[in-house]
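**Q** structure, please.
(2 chains)
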There are 2 protein chains.
Amino acid sequence: MKKNYLLTPGPTPLPPEICESLSRPIIHHRTPQFQAILKEAEEGLKAVFQTKNDVFMLASSGTGAMEAAVVNLLSWGDKALVIEGGKFGERWTELCEAYGIKPIVLKVEWGKGLDPAVLKEYLNKEHAIKAVFSTLCETSTGVTFDIKALAQVVRETEAVLVVDAISGLGAVDLAMDDWGVDVVVCGSQKGLMLPPGLGFISASKKAWKLVEESKCPKYYFDLKSAKKAIDKTDTPFTPAIGLIIALNEALKIMRSEGLDAIFKRHKKLAEATRSAMLALKLELFAPDAASDAVTAAKVPQGIDGEKLVKAMRDEYGVTIAGGQGEMKGKLFRIAHMGYISEFDIILGISCLEKVFKKMGYDFELGSGVKAAQEVLLK
Amino acid sequence: MKKNYLLTPGPTPLPPEICESLSRPIIHHRTPQFQAILKEAEEGLKAVFQTKNDVFMLASSGTGAMEAAVVNLLSWGDKALVIEGGKFGERWTELCEAYGIKPIVLKVEWGKGLDPAVLKEYLNKEHAIKAVFSTLCETSTGVTFDIKALAQVVRETEAVLVVDAISGLGAVDLAMDDWGVDVVVCGSQKGLMLPPGLGFISASKKAWKLVEESKCPKYYFDLKSAKKAIDKTDTPFTPAIGLIIALNEALKIMRSEGLDAIFKRHKKLAEATRSAMLALKLELFAPDAASDAVTAAKVPQGIDGEKLVKAMRDEYGVTIAGGQGEMKGKLFRIAHMGYISEFDIILGISCLEKVFKKMGYDFELGSGVKAAQEVLLK
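**A** All right, here's what the predicted structure looks like:
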């Protein structure tokens, strides 16, 4: 018998209510029945985005929603600043380049956060920057950026702040309206506990002015079409009906737990995981800007990181993530995002310990689990 | 009690095996487990597309795959010919315009097919046309275009033939390689019996030369990235994991029925439906080019077409489709595409008869059902 457990930063496990809703007979999207579902989903998303702005639902993965941000805000030749501290920051740069937008790259060392003063300096130095692209949780490094502080800097300029919150929204706090974040982009398969296949995007009034002016060519991701449709509780193209029905189940679960309780749970699970890593004499990859959605730790010397992940998954059914991009083989990442309880963390650490022992890594068996338990008992 | 039946041209009903597969726990996409699924899906899709070319799976609706065709084949300023005989033909024109491509529109009267000689004339007259955009089943009118004959014309020119087969693939014949069709685009929620959220696209060698030259800006729908990924049994961005797992179930069902048997079943269901419409003294909208995927009939005089569709759906649970675009209120459409048996058609016609009677339309009760039964008995 092999039982499977998923501790990856997307997809994250599906609650049974969501599995059940995905198995229901499909309904047609141009019906009052589906309109009611769409309306409920939009209201629920606004609560999770902490915004009064429309939240558009796209039939795409999160990258599609990122593309929607770029092509709807900017035009060929525009300048944008990209805060690039990992693989997903790099995606903004690639997207800008694909559409003829000049990305000024603010490189942040992988595993580090960004001092708002540095951003301020860049924005003072560079003129005519129309948009600042950033990331909430940089899944590739386990960093959560201080979006609240960065937004304070950007809101004093002409630029809009765009946050890739694909990883993190619904797991860590992001108060779009209160913090003055202009555009938030999200995907379904992380904090929202759904399968991948839905992208979300919301834009402030300040951002919407850019949408009106943007000359980037677009059709599928055109937010002006999406706006016309949403005003009639519709979508411009066939929506991902099944996923939107499941989204309402996810939003129901989130409403009943409450956003504050959700953020607290993620914080506690993250603390427990970090504490376990330290007890196992591992080095955290992002000690000063650690994300509450995913923990990245360095693979100890003498241990093959890819083999570690493979053994946990293929021999014991526990799927965690390895390193991405330049950190391939050097990192492993345990996600504690979405439908994850304290005991999921315990079992994940226990499996990690077992495989470490088998691979010859020297530490006291049980020390990681115990350290996590101590945090979780508090 | 109200029991629901779906007879719309997308989404189409889900077989129970597909519902079940959608409810399974999610797995991670960067694993050998998912790679095996992806490989099986791609092989199965090739059989349905009747091609040896790669078939790319996009996390998008069908329109996303149409956009992928436009932005990967062409560049700003290029000329394309659009065969426009309904709402979905118009979508090609809109897509071309969005990307600065000059669409030369070959208008086909709604409800009619296209004589290949007319296409030939256009292609002789207009020079430097790089792509001809067409539609397999024009869902808005119930027409199936004679793609085989159109392909014979286009293959003698420099242009590539692109077919929107979103509606129709897996229901009516489209032999991509044999007929010399260059690009086929599809979606998941029609003949493939899945929920919406997957787009598919396949391109011939002739088309791939255009892909290499294309200068349209693109990122999410970039087929060169998709090609690099597929060669490693991967996707460039997070795939719609759950839908791809369900796709394998759909492909399994299709394999066991066999493509020829599937096409025959659709043909028979369509003949039965058309025969019923005539018995009910209704006029078919596309008598000379009627699709085997969906039947469109004119709403009889004195009857409100929108009320008809609404009453069938809201009072009796049978969802058919009304008219779209310029035919809104004037048409109704009964789909017989995907997971539809002969008795689904019978119940749909029976419900239509009941509502017609209640609305005061004069005909002999049972005549439509009987006409369908006669065809189905053969």
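
**Q** from now on I want contacts and neighbour counts done on CA atoms only, so please keep to that.
**A** OK.

**Q** next up, the contacts around the most centrally placed residue in chain A.
**A** Nearest residue to the geometric centre of chain A (Cα atoms, centre = their mean): A:S167, 0.8 Å. A:S167 makes contact with A:9-10, A:136-139, A:186-187, A:190-191, A:293 under the criterion Cα atoms under 8 Å, 6 or more residues apart in numbering or on different chains.

**Q** again, only this time at 7 Å
**A** A:S167 sits next to A:136-137, A:139, A:190-191 when contact means Cα atoms under 7 Å, 6 or more residues apart in numbering or on different chains.

**Q** next one: it from A:G113, what distance?
**A** Counting by Cα to Cα, to the nearest Å, the separation of A:S167 from A:G113 is 16 Å.

**Q** then A:K310?
**A** On the measure of Cα to Cα, A:K310 and A:G113 end up 30 Å apart.

**Q** thinking again about what came up before, for the contacts of A:S167, point out the one with the lowest pLDDT.
**A** Lowest model confidence among those falls on A:T139, which carries 94.

**Q** and that one, how many neighbours?
**A** Other residues lying near A:T139 total 28 when counted by other Cα atoms under 10 Å in any protein chain shown.

**Q** same thing with A:K268?
**A** Residues within reach of A:K268, counting by other Cα under 10 Å, total 18.

**Q** that older thread, quickly name whichever of the contacts of A:S167 is closest to chain B.
**A** Distance to chain B, by Cα to the nearest Cα, is smallest for A:K190 among the contacts of A:S167, at 11.6 Å.

**Q** contacts only, for the closest one.
**A** Applying Cα under 7 Å, 6+ apart to A:K190 gives the contacts A:9-12, A:167, A:337-338.

**Q** got it, and A:P103?
**A** By Cα under 7 Å, 6+ apart, the residues touching A:P103 are A:79-82, A:93, A:96-97.

**Q** show me these that map onto helices.
**A** Of those, the ones assigned to helices by DSSP state H are A:93, A:96-97.

**Q** top of those by neighbour count?
**A** For these, counting by other Cα under 10 Å, the largest number of neighbours falls to A:C96: 28 neighbours.

**Q** helix, strand, or coil at the closest residue to that residue other than its chain neighbours?
**A** Counting by Cα to Cα, 6 or more residues apart in numbering or on different chains, the nearest residue to A:C96 once its immediate chain neighbours are dropped is A:P103, at 6.2 Å. Classification of A:P103 using DSSP: H, G, I helix; E, B strand; the rest coil returns strand.

**Q** next one: the one 3 residues further on
**A** A:L106 falls in the strand class when you classify it by three-state DSSP.

**Q** how near is it to A:L81?
**A** Applying Cα to Cα to A:L106 and A:L81 gives a distance of 7 Å.

**Q** out of those two, which sits in the busier spot?
**A** Ranked by neighbour count (other Cα under 10 Å), A:L106 and A:L81 place A:L81 first, with 25 against 19.

**Q** pull up the residues of the stretch 201-350 of chain A that are close to chain B.
**A** Listed as neighbours of chain B in the stretch 201-350 of chain A under the rule Cα under 7 Å from any Cα of the partner chain: A:217-220, A:237-242.

**Q** the residue nearest to A:C96 bridge partners, please.
**A** For A:P103, the beta-bridge partners are A:A80 (DSSP bridges).

**Q** can you tell me how far it is from A:K79?
**A** Here the criterion is Cα to Cα. By it, A:P103 lies 6 Å from A:K79.

**Q** can you check A:E121 too?
**A** Counting by Cα to Cα, the gap from A:E121 to A:K79 is 16 Å.

**Q** one more: A:G348?
**A** From A:G348 to A:K79 the distance is 44 Å (Cα to Cα).

**Q** same check on A:Y5?
**A** From A:Y5 across to A:K79, the span is 44 Å (Cα to Cα).

**Q** next one: A:A159
**A** 10 Å.

**Q** between those two, which contacts overlap?
**A** When contacts are counted by Cα under 7 Å, 6+ apart, A:A159 and A:K79 have A:129-130 as shared neighbours.

**Q** for chain B, what's the nearest residue on the stretch 201-350 of chain A?
**A** Closest residue of the stretch 201-350 of chain A to chain B, Cα to the nearest Cα: A:A240 (4.8 Å).

**Q** got phi/psi on that residue?
**A** Main-chain dihedrals, A:A240, degrees, to the nearest 10: phi -80, psi 80.

**Q** next, count neighbours for it.
**A** Residues within reach of A:A240, counting by other Cα under 10 Å, total 23.

**Q** hmm, back to that, more neighbours: which of A:E121 and A:K79?
**A** Taking other Cα under 10 Å, A:E121 and A:K79 do not tie; A:K79 has more neighbours (21 against 11).

**Q** that one and B:G317, how far apart?
**A** 54 Å.

**Q** related to what we said a few turns ago, closest to A:A128 among the residues of the stretch 201-350 of chain A next to chain B?
**A** Taking Cα to Cα as the measure, A:A128 lies nearest A:P217 of those, at 21.2 Å.

**Q** pretty sure the closest one sits against B:Y99.
**A** Yes. The pair A:P217 / B:Y99 is scored as a contact, 5.4 Å apart, by Cα atoms under 7 Å.

**Q** let me know the pLDDT of A:G142.
**A** Looking at A:G142, its pLDDT is 96.

**Q** what is the neighbour count of it?
**A** Neighbours of A:G142 using other Cα under 10 Å come to 30.

**Q** surely it touches A:T295?
**A** Yes. Between A:G142 and A:T295 there is a contact under Cα under 7 Å: 5.3 Å.

**Q** and the closest residue to A:V105 other than its chain neighbours, how many residues sit next to it?
**A** Spatial nearest neighbour of A:V105, chain neighbours left out: A:V82 (4.9 Å); criterion: Cα to Cα, 6+ apart. For A:V82, the neighbour count with other Cα under 10 Å is 24.

**Q** hang on, A:V82 packs against A:L106?
**A** Yes. If you go by Cα under 7 Å, A:V82 and A:L106 touch, sitting 5.9 Å apart.

**Q** after the lengthiest helix in chain A comes which helix or strand?
**A** Counting residues, the longest helix in chain A under DSSP H turns out to be helix A:259-279. Sequence-wise, the next helix or strand downstream of helix A:259-279 (DSSP states H and E) is strand A:294-298.

**Q** end-to-end on stretch A:188-205?
**A** End-to-end distance for stretch A:188-205, by Cα to Cα: 24 Å.

**Q** residues of that stretch that come out buried?
**A** For stretch A:188-205, burial by neighbour count (16 or more other Cα atoms under 10 Å in any protein chain shown) applies to A:188-204.

**Q** which residue ranges of chain A form strands?
**A** With DSSP state E as the criterion, chain A has strands at A:5-6, A:55-58, A:79-84, A:102-107, A:129-135, A:137-138, A:143-144, A:160-164, A:183-187, A:199-203, A:294-298, A:318-319, A:321-322, A:331-335.
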